[in-house]
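A.B. asks: Quick one: sequence plus predicted model below, questions after.
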Amino acid sequence: MSEDVKKLLQLNGTLPSGSKRRYPKSRGSKKAVSARTQKSEDVVVPPKETVPAQVVAAEFDVEAAQDVVFKPNPGPQTDFLSASEREVLYGGAAGGGKSYAMLADPLHGLNDPNFSGLLVRHTTEELRELIQKSQELYPKAVPGIKWSERKSQWTTPKGGRLWMSYLDKDMDVTRYQGQAFNWIGFDELTQWPTPYAFDYMRSRLRSAHSTDLGLYIRATTNPGGSGHAWVKKMFIDPSPSNKAFWATNIETGDTITFPRGHSKEGQPLFKRRFIPASLFDNPYLADTGDYEAMLLSLPEHQRKQLLEGNWDVNEGAAFPEFNRSLHVIDPFEIPDNWVKFRACDYGYGSYTGVLWFTVAPDEQLIVYRELYCSKVTASDLADMILEAESKDGGMRYGVLDSSLWHNRGDTGPSLAEQMNMKGCRWRPSDRSRGSRVAGKNEIHRRLQVDEFTEKPRLAFMSNCTNTLAQIPIIPLDKKNPEDVDTKAEDHLYDALRYGVMTRPRSRSIWDFTPDKPNQGFQAQDTTFGY
């Protein structure tokens, strides 16, 4: 073989330097070489056969190819990494693989030169643990990625950046003024006592390349902590778990929409989703049983939070027996002949809570509607109540905070009288000495399961979202454990207490009215009703 041919094959990568040309057996190359080397004059030398260069495939290491850097566990962890909603909370019980899921989520765009992400913890000490886990994962997942200790930032070879920082105080958000991110992560969200930092950082979520990279806020947490209440309002209460919903204002419960004058005025702004996880979704911790045994040894409220992922339990909660799977029912159409009544705790500067009750034939008390509002006058409230119950078929009675009959120095009608004159009738609640303790004890009794019906004596329809947010976590008064903390958000609790203390009963045979269709019991005698 000529030296020129050898050089050409070496440039093409098909012939290593110093090696001999290999001819495939399928070409009959040995015959061709033998014919050319014969020196007999009688033998006609055949024309030179041109053999194309053979590309030798590189050796493939199967074991190395199967060395997966990170593989999400089936179920919640996979759901979290594939979620498309703008804001997603992942968590619940301890041991669900939250931290690794949080670190893996930005990898979907980190290799893009336009990617800019921010991952925060509440304090620098907590951040250090997250950085150590990222140093184990990122160099394997993104070859060539560099960590800058001075900037506290990861940078990929293509230019993508992920900043890992802290947010200790509300004023720390000013460090991010002027910054723009297309991905923001909050690890252990309930460690922030207020939603201020979370809401502010939403304003930093912007990018000129959002069409390609998307805009995402991701958070992980366990129940409990100083921010338990607001996180529960934002992600847990508005919708069933693992179901996307339009983002709501946690103060009013209204859907967040595009403002007036916008081309999309009135349309919902973005979606949220809560993805629950438990220890048993993480086989690396669950299979041994050691971590589960440790969680089982915790006090009851911590065990329910960290092992069961129960958001309806809080340390010092007044009603630890509340169980969402037991006391919450799906809405249904209430028969016209069921007893209905309402109860109200009024406030203008704070909040007004109105609850509607019905009594089932088995004496179960069901809260089927709520109204929670502020800055509403008594007269306007009466109109709102009458409109809400216009199709209910009549209220047996209404019970209202008795202080609204007080004349506070004015000569006009009291607030209760203003509503009564509108046709929204009320009677005063019991505010005698000991009535608060008696009302709390009655709620405890009704939350118990009746031994005959095998159902709780008090249930709530799932559409009563504010009530279901307040009742399970309302705390005890530290000075008087027989009562709840009156400084807590207790307006709907007070309305509930007024309602259960009216001794509500279902219809008896003496309530029968012959001229009204009966959807249940049919009386034989229309005079006496039996």
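C.D. replies: All right, it came through fine.
A.B. asks: Could you pull out the helices in the stretch 351-500 of the chain for me?
C.D. replies: Along the stretch 351-500 of the chain, the stretches classed as helices by DSSP state H, counting those that start in this stretch are 378-388, 415-421, 435-447, 465-470, 491-500.
A.B. asks: so which of those helices gets nearest residue 310?
C.D. replies: With Cβ to Cβ as the criterion, residue 310 lies closest to helix 465-470 of the helices of the stretch 351-500 of the chain, at 13.2 Å. The way it works is simple: take the backbone N, C-alpha and C, and place the C-beta from them, glycine included.
A.B. asks: Can you tell me which helices and strands the closest one packs against?
C.D. replies: strand 352-359, strand 365-373, helix 491-500 (3 or more Cβ pairs under 8 Å, 6 or more residues apart in numbering; DSSP states H and E).
A.B. asks: so which of the ones you listed comes closest to residue 461?
C.D. replies: Nearest to residue 461 among the helices and strands packed on helix 465-470 is strand 365-373; the distance by Cβ to Cβ comes to 4.9 Å.
A.B. asks: With only the CA atoms kept, save the closest one in CSV.
C.D. replies: Included here for strand 365-373 are C-alpha records, laid out as CSV according to Å, rounded to 0.1, in the frame of the first residue of the first chain:
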residue,chain,number,x,y,z
LEU,A,365,-74.9,17.8,61.3
ILE,A,366,-73.5,18.8,57.9
VAL,A,367,-71.9,22.2,57.1
TYR,A,368,-72.7,22.6,53.5
ARG,A,369,-71.8,26.2,52.6
GLU,A,370,-69.7,29.1,53.9
LEU,A,371,-69.3,32.8,53.4
TYR,A,372,-66.0,34.4,54.4
CYS,A,373,-65.5,38.1,53.7
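A.B. asks: packing partners for that strand?
C.D. replies: So strand 365-373, by 3+ Cβ pairs under 8 Å, 6+ apart, packs with strand 352-359, helix 378-388, strand 458-461, helix 465-470, helix 491-500.
A.B. asks: Of all these, which one is nearest residue 428?
C.D. replies: Distances from residue 428 to each of the helices and strands packed on strand 365-373 were compared by Cβ to Cβ, and the smallest falls on helix 491-500, at 9.4 Å.
A.B. asks: between the closest one and helix 435-447, how many degrees?
C.D. replies: With axes from the mean of the first three to the mean of the last three Cα atoms, to 10 degrees as the criterion, the two stretches helix 491-500 and helix 435-447 enclose an angle of 80 degrees.
A.B. asks: What ranges does the stretch 201-350 of the chain have for its strands?
C.D. replies: With DSSP state E, counting those that start in this stretch, the ranges of strands along the stretch 201-350 of the chain come out as 216-221, 245-246, 271-277, 328-329, 339-345.
A.B. asks: closest to residue 462 out of these?
C.D. replies: If you check each of these against residue 462 by Cβ to Cβ, strand 328-329 wins as the nearest, at 5.3 Å.
A.B. asks: give the contact list for the residue positioned nearest the centre of the chain.
C.D. replies: Nearest to the mean C-alpha position of the chain, counting by Cα atoms, centre = their mean, stands residue 274 at 2.1 Å. Taking Cβ atoms under 8 Å, 6 or more residues apart in numbering as the contact definition, residue 274 lies against 88, 89, 235, 236, 239, 241, 242.
A.B. asks: Same check on residue 464?
C.D. replies: In this structure, residue 464 makes contact with 355, 367, 368, 369, 370, judged by Cβ under 8 Å, 6+ apart.
A.B. asks: For the residue lying closest to the second one once chain neighbours are set aside, the count of nearby residues, please.
C.D. replies: Counting by Cβ to Cβ, 6 or more residues apart in numbering, the nearest residue to residue 367 once its immediate chain neighbours are dropped is residue 460, at 4.7 Å. The number of residues packed around residue 460, counting by other Cβ atoms under 10 Å, is 23.
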